[in-house]
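[1] sequence-free structure coming up:
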């Protein structure tokens, strides 16, 4: 039996308070019907006896204290799922938005998910060939990893994500699918992704969840949860390899801040709620591989760092949870290099166990160590050059600067359509390192140097 | 029928009951029909506040709260080692069997296996007087650890019944003692202990033995004593977890307790896999035979994350009481502090610094003070070494958790982003780090390594310090204009940095380095330094000395000299002499 209740006790931002509610459940889904027939959804976020606080996803615009009827559904927010969701477009709350009708659910899942038992996880080891040199060689993406892109407004993070999807899907088999969640991104951006998926001929393997920048803000808090529930279903129930793209996590965190402040919670750093870390973790930790299932969930969250500040709470807390990060560099972007991956700040934590013999190539780890170390030296030489002038540098430093320029323009810089094999990428790395005298390469064993170090004609 | 108190309000992990209740502070309770585990954290006339260790979704007001009459406790007995627990001592592998790959709410499993039979040998006979802490039986828990059954600390009496040696389960009564009042107490293989109460000891002893870790920068530059406390602060990507893993793998404690507190799930899985594969050089058995893992990953309930630190330290104390040296790695205490903040926020307490509760410093000191080298109630000696990782927000060491941790630990291993970016691992910054244990450990080093060990160490430090100030000049004018003596200092400092401080965790020989090798490496490097100094004093240009290639050779000692053939290092001294004496002619 459903009880309908007319009227509210108070409205504050996206929160409404209802009194005399019988039998409320924590996080129960509530339907609100306005006088004009419009339906909205909400969720119980606080209970004090019979007084409950409901968070209305679509916002409270047009709701008055007495023009609304509320109905309790008796269950938490669930997402209907079946293999039909592939190729479909949903709104931020997981309702079909493409006019193709409802999903006939095989199962319904609580969108909050449950934590994966660490004992049931399989440690991710298989690398995903993205065909992008800076990522494959230096911040290798591993299946089951969560590797965010830290970007800034105006940089080419969307292109990079599309290129990863397109090139990774080519290398992969049929069990590959993409879950795309847009949170507060512009219409154009969503359209760009949709078109790119079409061009790459993967549209029928994409599930899209769109909460655009003009969609209700509170709904945004639910969007990644719906997307990840769909991803977990496709991966662990149907055994597919899922790549999840979440963009933009900054908008998500801002929605959370708005919700938190309207609830009157004590703010932490920069006004974000004190539980931002736990909240992020409840999303990011839903990546991985579990025993007894052939599938996997790999996450590429994209976030724009406010003011390019990596110490801002959003990138900071993200970096503490995710297994590395790909940081885009404003200077490389100015120079017109694509993708502008700032390799020194970038890192892939799972890389060390997913590269080398049997995965990529035996010299991979030595090469990447040496490239990192040498490129760090290039930066030192550059800062010295900016003080005393390039002409005054020692021969060695001049050579380093030359190497640095070539490394940026040939190794990091790569066309949007260029798909480099791992062998090509690694060979290119050795070619560039061979510009330097052999004794400078102090991170590499002699045996590997003998095999790969070539004297170039300039020496 | 017994009537239970019922839930009134729910806000995230905080549940309230209206009116007065019979519950006591810190009592463990089961909340709701699903029996979620919770703990009483606030009592007053109007309401009782409970923090729940599991997700509260779908909980309703009016559901019962079941009291247990005891504070949140651990079951201490054989079967703890080799296991992996969540923050409130539920074994994760048993939970996997009960609820599958995803953790369900209200999953009930026993902390230790009560079905397994142990080969128990009884160490007492009827008529023996036993006091708290005395050992009455023992069994082999793993091939390397003997588990000793001890009388609970506040119990004493005469043995009135005693079983014979044989196979027993954890819950079987093997000894009965009668106290002075005539009460009979049954002793089984296990006992309970509340997690927030430190287990008593007889005496605190001085911390004057080092914890050998095999990591050069720690053992030589910033050593930690057995029974000491250290903090490893560092931003993300600086290698906190990597350093903690290295310490857990190689340090010379008998028992390792690794608490993954609010960290990544995949990392815990990695620890689980790796510790099972690595063979402990001391015992020849897998590391897991002396390891306990506690995993409360970042997406598991936040209240259990708060408890996981206490669970870890209580387990450490239990094994210390048996006379073992234990080491507890907590990764990361910042996540624990954030859990405190989160719960404090839900309780609407007045926040202090950056939203953290005002009692953060006292909680931190309570935790770190549970470390120590002690004489136990039963006369054995044991220790707990605490190594806590700190994840400062925005890599800013002035934030409250780092600052307060600094007050209560005596070792500070500051991880540095710049070093990590250039892939210098371990990225412990030698200018910002310190260890206050040096003077306590001096006697031990004098006796067990060499009398000039600390002298060499000091020289290393002063070279690194000098390099630091020279670098400031070099960054302005370039290295070319420096006089040769200073160039030499910089070259030697490079050898120290790359050849000594940098250590490769993935290299077979370099991942663990015995103290003797560390000492000899210092000797060789400083020998070169002194020799080169005397040559430069004779106006020989440094470029000539560098062209001998001896500097680059020293950098690779760490790879070229196996730990088993330290005599090779004498050859280096000879080679330095041969090559450099040419300049003296």
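    Looks like it came in fine. These numbers were taken from a predicted model, which means no experiment stands behind them. Numbers count the residues shown, from 1 in each chain, chains lettered A, B, ... in the order given.
[2] right, and residue B:463 touches residue B:493 too?
    Yes - here residue B:463 reaches residue B:493: they are 5.4 Å apart, a contact under CB atoms under 8 Å. Yep, even glycine has a C-beta here, placed from its N, CA and C like the rest.
[3] Near chain B, which residues of the stretch 1-150 of chain A? Just list them.
    Applying CB under 8 Å from any CB of the partner chain, we find that the stretch 1-150 of chain A lies next to chain B at A:23-28, A:45-50, A:75-76, A:110, A:112-124, A:144-145.
[4] Those in helices, which ones?
    If you go by DSSP state H, the residues of the stretch 1-150 of chain A next to chain B have nothing in helices.
[5] Among these, name the buried ones.
    Buried members of the residues of the stretch 1-150 of chain A next to chain B, scored by 16 or more other CB atoms under 10 Å in any protein chain shown, are A:24-28, A:45-49, A:76, A:110, A:112-124, A:144-145.
[6] Can you name the residues that contact residue 323?
    All of this refers to chain A. Each residue near residue A:323 by CB atoms under 8 Å, 6 or more residues apart in numbering or on different chains is listed here: A:142, A:145, A:146, A:147, A:348, A:349, A:350, B:264, B:266.
[7] my bad, chain B
    Per CB under 8 Å, 6+ apart, neighbours of residue B:323: B:148, B:376, B:378, B:380, B:381, B:382.
[8] please redo it, this time with the cut-off set to 6 Å
    The contact partners of residue B:323, by CB atoms under 6 Å, 6 or more residues apart in numbering or on different chains, come to B:380, B:382.
[9] For the residue lying closest to residue B:324 once chain neighbours are set aside, grab phi and psi.
    Take residue B:324 and drop its neighbours on the chain: the residue closest to it by CB to CB, 6 or more residues apart in numbering or on different chains is residue B:254, 4.1 Å away. Torsion angles at residue B:254 (phi, psi; degrees, to the nearest 10) stand at phi -70, psi -40.
[10] tell me the domain ranges of chain B?
    Residue ranges for each domain of chain B read B:5-70, B:84-100+B:117-194, B:206-433, B:453-584, as given by automatic domain parsing.
[11] Looking at the contacts of residue A:323, which are in helices?
    Mapping the contacts of residue A:323 onto helices (DSSP H) picks out residue B:266.
[12] Please list only the buried members of the contacts of residue A:323.
    Counted by 16+ other CB under 10 Å, these give A:142, A:145, A:146, A:147, A:348, A:349, A:350, B:264, B:266 as buried.
[13] Tell me what the fifth one is bridged to.
    Taking DSSP bridges, one finds residue A:324 as the beta-bridge partners of residue A:348.
[14] list the contacts for it?
    Applying CB under 6 Å, 6+ apart to residue A:348 gives the contacts A:139, A:140, A:324.
[15] Who wins on neighbours among those residues?
    Within the contacts of residue A:348, most neighbours by other CB atoms under 10 Å in any protein chain shown means residue A:140, with 26 neighbours.
[16] host element of the residue nearest to the spatial centre of chain A?
    The residue lying closest to the centre of chain A (CA atoms, centre = their mean) is residue A:301, at 0.7 Å. Per DSSP states H and E: residue A:301 is located in strand A:296-304.
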